[in-house]
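Q: Let's see this in three dimensions:
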Amino acid sequence: MTEFDKDLVSVQEARDLTVQAYEAWKVWSHASQEQVDSVCAAMAEAAYAASERLARMAHEETGYGVVAHKQLKNEFAARGVWKSIKDVRTVGVIRVDVEKKLYEIAWPMGVVAALTPSTNPTSTVIYKILIAVKARDAIVVAPHPSAAKCCYEAASLMAKVAEENGAPHGLIACLQNISLPGTQELMSHKYTALILATGGTPMVRAAHSTGKPAYGVGPGNVPVYVDRSADIEKAARYIVASKAFDCSTICATEQAVVADAPIARRLEELMKREGAYFVDDTQANLLRKLLFTADGVMNTATVGKPADTLAAMAGFAIPRGTRILVARLTRTGKDEPLSREKLTTVLGWYEENGWEAGCERCIELIQFGGRGHSLIIHAKDQNVIMAFGLEKPVFRIAVNTMGTMGAIGVTTGVMPSLTLGAGGVGGSITGDNVTVSHLFNVKRLVYETSAPPLAAMIPGEPRVGPSPEEVEAVVRSVVNEILNR
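A: Predicted structure coming up:
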C-alpha cells in the first residue's frame, strides 16, 4: 500500500474542500432568505440536541475543562447565537433610507476559512458555521490538531442537517488531515475569501500574513477590578465561578483580581468561602515554574486543568473542594510570569488603594498581554465605572457580571460570539464580538438627491499649445544647429 506524506495529504485535502466549497457557494449565494433561515434553524437545533455528546468528545480528546461547562458553551453557540442572528436579513435589500434614496443590499463574502482552537473546539465550530451559512457563505473548518475529531464530528453533523434541508453538498466542510501546510493552503487558496481565526497568537498572526481579509483575536489577559463600592459578596461569588468555569479556557476569563485596599480582606475571605485557595510564596514559585517556560510560554499540559490537578503537578497539597488557586502578586510584566494570561485555574491577586491606582494596575496588565480585549469591574459608583470605561484600552468592559459569561454575551447585551475582536490596539481589524454582520458585505444603490455643483458642469479651459508653424520653426532651428556643428 502506498503511503503519502502527511503534509501533502493535508494540502490536497485543503485544496479539494476549498474548491468544493466554492462550487457550493456559487449555488448558496442565490438562496432566498427563507431557505437560509430554514437551514440555519435546523442546524442550530441539531447542534443543541448534540451539545452534551459533543462536550464529552471535546473533553475526552483534549483533556481540557469540564464536560457540563462545555455542554453549556455548545448550547450557547447553538441557540444563543442563533437567537441573536435569526432576524438579521442577509439576502437582497436589507435596508432602505427613503430620505436619502439609498438601498442597502447584502452580498456574501464567499468561502470562509475558519480556524478553531482546542480550548473551545465544538462550540466555536457550531458558532462559526451558523454565522457563515446565515451570511450565505461557505465554510471550511481547520481545527486545532488536538481537537480534530470532535470538531469534525460537529461540522459533519451540521453539514448533514444542512444538506437534508436543501443546502448544497460541500457548503460546510472540515479538514481531517491536519497540518500547518494544510492550514496555510486553506488560508491562502485563491477561492478563500475571508479568514476567521480563533486561537493562539502565532495562528492569528499567520492568518493576518496571508494577504487575505481576516478576523483574528488577540490574547485576553483580563483584569477584574473590585471597587470599595461593589457588592463584595456577589463579586467574590462571580469571580470564583467565572475563573473555575471550564477551567478558565475562555479567553475573557478573569486573569487577575485588582482589589481596592479597604475591601481586600473581606473579598479574600468571601472568595475562600467560594472555593479559592490563596497559595503561599513557596507554592506560588512552584506554580510559576509549572505554568510557564523561561521564555514565558505556557505549558500546554497545564491548560484547562482543575485546581487539584495543578497543585498535584506542582507538588503541594490543597484543601478538598478547592476550585481555583490565587497567587498574591506585586509586579506586572516579564519578571512576573503569573501576571500573564493563564488559561487554567490560577488567578493573580493585586491590592491597590483607590480606583485611580487600581486603574493604573489594570492598564499595566492589559498592556502586558491583553490589549484591546476585555476588562471586568465590580462597582456601584457610576463615576468609577465610567472612568474605567473611558480610559481602558479594551473593547469589552463588563460590569458586575462574570467575565466568561459577560464578554461573550450570555449575561450582557453584547452580541453572542466566540470570537472577540481586540481592535487596532490588539492587532485586529475590529473590536466587535464577531457575528453574522461581519461575514457579508453591503452594496449601496443610490439615486441622485441633488443637482451637481455648477462648477462641475463648466468645461475647463482648452489646452493652449504651439501652432504648427511654431513647431516647424523649432524643428528647423534644431536641425540647422546640428548640421552646422
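Q: Which residue is the nearest non-sequential neighbour of the most centrally placed residue in the chain?
A: For the chain, the residue sitting closest to the mean C-alpha position, by C-alpha atoms, centre = their mean, is Thr419 at 2.3 Å. For Thr419, the nearest residue in space outside its immediate sequence neighbours is Val434; the separation is 4.1 Å by C-beta to C-beta, 6 or more residues apart in numbering. Yep, even glycine has a C-beta here, placed from its N, CA and C like the rest.
Q: gap between that neighbour and Ala154?
A: Distance, Val434 to Ala154, by C-beta to C-beta, to the nearest Å: 18 Å.
Q: More neighbours: these two, which one.
A: When Val434 and Ala154 are compared on other C-beta atoms under 10 Å, the one with more neighbours turns out to be Ala154, at 31 against 23.
Q: measure the more buried one to Leu196 for me?
A: Applying C-beta to C-beta, one obtains 15 Å for the distance of Ala154 from Leu196.
Q: can you check Leu267 too?
A: For Leu267, the distance to Leu196 under the criterion C-beta to C-beta works out to 38 Å.
Q: Regarding this structure, what is its longest helix?
A: Across the chain, the longest stretch assigned as helix under DSSP state H is helix 6-28.
Q: what's the offset of that one from the middle of its chain?
A: Helix 6-28 has its C-alpha centroid displaced from the chain centroid by 24 Å (C-alpha atoms, centre = their mean, to the nearest Å).
Q: tell me the angle the following helix or strand past it makes with helix 6-28.
A: As assigned by DSSP states H and E, the chain's next helix or strand after helix 6-28 is helix 33-49. For helix 33-49 against helix 6-28, the angle between stretch directions is 140 degrees (axes from the mean of the first three to the mean of the last three C-alpha atoms, to 10 degrees).
Q: and helix 33-49, what other elements does it pack with?
A: Using 3 or more C-beta pairs under 8 Å, 6 or more residues apart in numbering; DSSP states H and E as the contact definition, the elements that helix 33-49 packs against are helix 67-75, helix 81-85, helix 121-134, helix 148-164.
Q: Keeping just the C-alphas, turn the shortest one into CSV.
A: Listed next in CSV are the C-alpha coordinates belonging to helix 81-85 (Å, rounded to 0.1, in the frame of the first residue of the first chain):
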residue,chain,number,x,y,z
VAL,A,81,-26.1,32.6,18.8
TRP,A,82,-29.0,31.6,16.5
LYS,A,83,-31.4,33.7,18.6
SER,A,84,-29.2,36.7,18.2
ILE,A,85,-29.0,36.5,14.4
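Q: Tell me the buried residues in that helix?
A: Using 16 or more other C-beta atoms under 10 Å as the test for burial, helix 81-85 gives Val81, Trp82, Ser84, Ile85.
Q: quick check: domain ranges of this protein?
A: Segmentation of the chain into domains, based on automatic domain parsing, reads 6-217+435-443, 222-407.
Q: hey, C-alpha coordinates of the helix or strand bottoming out on mean pLDDT in the chain in CSV?
A: The helix or strand of the chain with the lowest confidence, counting by mean pLDDT, DSSP states H and E, is helix 201-208 at a mean of 81. Listed next in CSV are the C-alpha coordinates belonging to helix 201-208 (Å, rounded to 0.1, in the frame of the first residue of the first chain):
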residue,chain,number,x,y,z
THR,A,201,-1.3,34.5,18.8
PRO,A,202,1.0,32.6,16.3
MET,A,203,-2.0,31.3,14.4
VAL,A,204,-3.7,34.6,14.3
ARG,A,205,-0.6,36.3,13.0
ALA,A,206,-0.3,33.7,10.3
ALA,A,207,-3.9,34.4,9.3
HIS,A,208,-3.1,38.2,9.0
